[in-house]
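Engineer: requesting a structural model of the entry that follows:
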Amino acid sequence: MAIKTNYRSLSGSGEREMSMQEFKKWLRKFDADEDGRINKDELRDAVRATGGWFSHRKGKQGVRSADANGDGFIDGNEMANLVEFAKKQLHVKIVDY
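Structural biologist: Numbers count the residues shown, from 1 in each chain. Down below sits the predicted model:
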């Protein structure tokens, strides 16, 4: 499953390609409580809003894999960890451009 956005797609791979800035901007749209952090429900909602199916379990897994300090949220300091999860599980490629 790939995240559907207006950003470029890699030819033939089915992966979505976006910059780190675009990825963060996309995630901010789903920060329901506007606290600057992403929780498991917000991550699940983000993926579901793109037409993908994302279980409660996978939302927890995504947050747990990215949550370095164990507080249950992904903040700006842990964004690189979420990028790794997105690459592996959501088929998103974060590039510098």
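Engineer: all contacts plus neighbour counts: C-alpha atoms, from now on.
Structural biologist: OK.
Engineer: now do the strands in the protein.
Structural biologist: Read by DSSP state E, the chain holds these strands, from start to end of the chain: 16-19, 92-95.
Engineer: residue 32 contacts residue 42, doesn't it?
Structural biologist: Yes - contact between residue 32 and residue 42 holds when scored by CA atoms under 8 Å: they sit 6.9 Å apart.
Engineer: neighbour count for these two, which is higher?
Structural biologist: residue 42 (21 against 14; other CA atoms under 10 Å).
Engineer: in this structure, which residue is most central in space?
Structural biologist: The chain has residue 86 as the residue nearest its centroid, 5.4 Å off, counting by CA atoms, centre = their mean.
Engineer: check what pLDDT it gets.
Structural biologist: On the pLDDT scale, residue 86 is placed at 80.
Engineer: one more: the one 5 residues further on?
Structural biologist: Looking at residue 91, its pLDDT is 75.
Engineer: and residue 10, by the same measure?
Structural biologist: Looking at residue 10, its pLDDT reads 44.
Engineer: remind me which residues of the protein are low pLDDT?
Structural biologist: Along the chain, segments meeting pLDDT under 70 span 1-14, 50-56, 58-59, 97.
Engineer: recalculate using a threshold of 50.
Structural biologist: Scanning the chain for pLDDT under 50 picks out 1-5, 7-8, 10-12.
Engineer: and the helices in this structure, which stretches?
Structural biologist: 20-28, 40-49, 56-66, 79-89 (DSSP state H).
Engineer: before we move on, back to that, give the contact list for the residue nearest to the centre of the chain.
Structural biologist: 92, 93 (CA atoms under 8 Å, 6 or more residues apart in numbering).
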